[in-house]
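A.B. asks: next input, structure requested:
(one chain, ligands or ions: 1)
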Amino acid sequence: MQYLSTRGNDAGRSFEDVLLAGLAPDGGLYVPEEWPNFPKGEWRGLRNLSWGGVAAMIMKPFVGDFLTGQELHALVEDAQATFHHTATTPLKQLDDALFLLELFHGPTLAFKDVAMQILARMMDIALMRRGQRVTIIGATSGDTGSAAIEAFRHSSRVNIFILHPHERVSPIQRRQMTTVEAPNVFNIAIEGDFDDCQALVKAMFNDAPFRERMNLAGVNSINWARILAQVIYYATSALALGAPDRSLCYVVPTGNFGDIFAGYVARQMGLPIDRLVIATNVNDILHRALTTGRYETGRVVPTTSPSMDIQVSSNFERLLFDALERDPSRLRALMEQLSQSGGFSIPEDARAYIRQLFASGRVDEEAVRATIRETYEKTGEIVDPHTAVGLHVAQEHIAPSHMVVSLSTAHPAKFPDAVEAAINVRPPLPEHVADIMKKEERFTVLPADLTKVEDFIANNATTA
Ligand SMILES: *Cc1c(COP(=O)(O)O)cnc(C)c1O
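C.D. replies: This next block holds a predicted model:
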């Protein structure tokens, strides 16, 4: 399988290339040349396999000769061992036709662990083969940073530096990053807000001499390997609920459009998914895009589901590319408008393509609180605010014709204040992370100053 850029100026890349590159040099996102498709009989055959066995079969057509099926299987099982549930990503039935897919049993209590644990192991192999080292830098307002740190803490070829806004992330989220004791892990608390952190990371990537000297790499949600790894749980859950002989609807709390795009990939591969529903909080660029046809950035409003507080949904570009019949010149024109005027109108044919599969819903803070409360009262389940955004939208999509799977993307204990405000119960941290409140923290406070941050990274990455 070879990969090409959505912007049309890069093609013929291997899986290993796109794994290490992240973003394409022309600013586009990598997509496979074509979507592999399994016939029904092959899907039925997967029903008898373990989670790791399904994972290997799903990823095999995409990785080419990077890893054999057996190697993939072993790698995935090693990643699974960091999870604290025997089913890895268990389904929980809430109602006749409504299921929660729990994706938060990994080391940092959010769904990003699934893909990050797999990605880190793949990167280690690629770097070993190439005899290279990389410096991963990233900015985080919460879940990504801790998932990346947990995943790369044992990598001998990676130094990882995560920037977070000083005194502006929740104590649990900060401690999940700063209590990890590993010589290759560095936390930088920036005197500024999340935008300052992001601007610094961007500036470092744009500083070509620094980027080359440090061999910078990114692991944000546009990395193709992360999306691919997320296809696994669509497959395992659909098979458990009777696919390919039964069709399903998935509701996905959405920010950067990575997780839900994995659902689109699963459907392109032949799983009978007849609806993919985008659930957004009040930062609703995707919901507006689907309902009005205008994709237009606004100002970010902070909510109780901070991992979905975004202005631009980067991975939406991958869906647009297919919706525009993979015509890179049409896509480039839209992206040009986005960067110049902050928005574009989705062409009618593309909008029709998107709407035949995707639906959307928007949930405000009051509805989030009500959903956490009602779910607790009706089922006894405590859900986090991101999951509640999905569940609220899911109620609107219950239909006799299909079962609905709503993705549960974070453990409620990760957002205890919002949960407590809704139900007067403070969800306790699971045992495997309970000790972070006692462990010693390690981080360095730096001003939002490019030179100072680059110096810190250069000094520490080389000696580590
Ligand atoms: C990152 C995140 C999301 C959004 O996922 P995308 O792939 O960016 O759409 C939703 N919920 C939680 C808890 C997250 O950490």
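A.B. asks: where's Ala422, which helix or strand?
C.D. replies: Using DSSP states H and E, Ala422 sits within helix 416-423.
A.B. asks: quick one: distance of whichever helix or strand comes after that helix to the chain centre.
C.D. replies: Later in the chain than helix 416-423, the nearest helix or strand by DSSP H and E is strand 444-447. Centroid displacement of strand 444-447 relative to its chain, using CA atoms, centre = their mean, to the nearest Å, is 27 Å.
A.B. asks: from the contact counts, what lies against the helix or strand that strand 444-447 is followed by?
C.D. replies: Sequence-wise, the next helix or strand downstream of strand 444-447 (DSSP H and E) is helix 450-463. In terms of contacts (3 or more CB pairs under 8 Å, 6 or more residues apart in numbering; DSSP states H and E), helix 450-463 is packed against strand 134-139, strand 158-165, strand 185-191, helix 194-206, helix 208-214, strand 444-447. Heads up, the C-betas are built off the backbone N, CA and C, glycines and all.
A.B. asks: figure out which of those is closest to Ile398.
C.D. replies: helix 194-206 (35.7 Å; CB to CB).
A.B. asks: now that closest one against strand 134-139, angle please.
C.D. replies: Put simply, helix 194-206 runs at 150 degrees to strand 134-139, going by axes from the mean of the first three to the mean of the last three CA atoms, to 10 degrees.
A.B. asks: contacts for helix 194-206, please.
C.D. replies: 137-141, 163-165, 168, 190, 210-211, 216, 218, 448, 450, 453-454, 457 (CB atoms under 8 Å, 6 or more residues apart in numbering).
A.B. asks: now do that helix and helix 450-463, the angle between them.
C.D. replies: 60 degrees.
A.B. asks: hang on, the earlier thing: ChimeraX command for the buried members of the contacts of helix 194-206?
C.D. replies: In ChimeraX syntax, the buried subset of these is picked out as below (16 or more other CB atoms under 10 Å):
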select :137,138,139,140,141,163,164,165,190,210,216,218,448,453,454,457
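A.B. asks: up against the ligand, what does the stretch 351-464 of the chain have?
C.D. replies: 386, 409-410 (CB under 6 Å from any ligand atom).
A.B. asks: which one of these sits in the busiest neighbourhood?
C.D. replies: Neighbour counts for those (other CB atoms under 10 Å) peak at His386, which has 32 neighbours.
A.B. asks: if Pro32 is in a bridge, with which residues?
C.D. replies: Beta-bridge partners for Pro32, by DSSP bridges, are Tyr3.
A.B. asks: wouldn't it be in contact with Ala11 here?
C.D. replies: No. Counting by CB atoms under 8 Å, Pro32 sits too far from Ala11 to count as a contact (11.2 Å).
A.B. asks: so these two - more neighbours on which side?
C.D. replies: Pro32 (19 against 13).
A.B. asks: residues touching the more buried one, list them.
C.D. replies: So Pro32 contacts 1-3, 62 (CB under 8 Å, 6+ apart).
A.B. asks: tell me the one of those nearest the ligand?
C.D. replies: Ranked by distance to the ligand (CB to the nearest ligand atom), the contacts of Pro32 are led by Phe62 at 18.1 Å.
A.B. asks: contacts for whatever helix or strand that closest one lives in?
C.D. replies: If you go by DSSP H and E, Phe62 is part of helix 51-63. Helix 51-63 has contacts (CB under 8 Å, 6+ apart) with 1, 15, 32, 36, 46, 49, 69-70, 72-73, 76-77, 80, 87-89, 118, 228-229, 231-232, 235-236, 239, 269.
A.B. asks: how about a cut-off of 7 Å?
C.D. replies: Residues outside helix 51-63 that contact it (CB atoms under 7 Å, 6 or more residues apart in numbering): 1, 15, 32, 36, 46, 49, 69, 72-73, 76-77, 80, 88, 228, 231-232, 235-236, 239.
A.B. asks: can you put the helices and strands packed on helix 450-463 in JSON lines and add mean pLDDT?
C.D. replies: Putting these into JSON lines (pLDDT from 0 to 100) gives the following:
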{"stretch": "strand 134-139", "mean pLDDT": "94"}
{"stretch": "strand 158-165", "mean pLDDT": "96"}
{"stretch": "strand 185-191", "mean pLDDT": "97"}
{"stretch": "helix 194-206", "mean pLDDT": "89"}
{"stretch": "helix 208-214", "mean pLDDT": "94"}
{"stretch": "strand 444-447", "mean pLDDT": "98"}
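A.B. asks: a markdown table please, covering the ones you listed and showing distance to Gly390.
C.D. replies: Shown next, in a markdown table, are the helices and strands packed on helix 450-463 (distance: least, CB to CB, whole Å):
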| stretch | distance to Gly390 |
| --- | --- |
| strand 134-139 | 25 |
| strand 158-165 | 26 |
| strand 185-191 | 30 |
| helix 194-206 | 23 |
| helix 208-214 | 37 |
| strand 444-447 | 36 |
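A.B. asks: mind listing what's buried along the helix holding Phe62?
C.D. replies: 51-60, 62-63.
A.B. asks: what's the first helix or strand after it?
C.D. replies: The helix or strand immediately downstream of helix 51-63 is helix 69-80, counting by DSSP H and E.
A.B. asks: helices or strands up against that next one?
C.D. replies: Under the contact criterion of 3 or more CB pairs under 7 Å, 6 or more residues apart in numbering; DSSP states H and E, helix 69-80 touches helix 51-63, helix 112-130.
A.B. asks: of all the ones you listed, which one is nearest the ligand?
C.D. replies: Short answer: helix 112-130, nearest of the helices and strands packed on helix 69-80 by CB to the nearest ligand atom, at 5.4 Å.
A.B. asks: that closest one vs helix 51-63, what angle?
C.D. replies: Using the same axes, to 10 degrees: helix 112-130 against helix 51-63 is 50 degrees.
A.B. asks: just checking, what packs against helix 112-130?
C.D. replies: Checking 3+ CB pairs under 7 Å, 6+ apart, helix 112-130 ends up next to helix 15-21, helix 69-80, helix 143-152, helix 224-240.
A.B. asks: distance check, the residue in the stretch 101-250 of the chain that the ligand sits nearest to against His73.
C.D. replies: Residue nearest to the ligand within the stretch 101-250 of the chain: Asp143 (3.5 Å; CB to the nearest ligand atom). Taking CB to CB, to the nearest Å as the measure, Asp143 falls 27 Å from His73.
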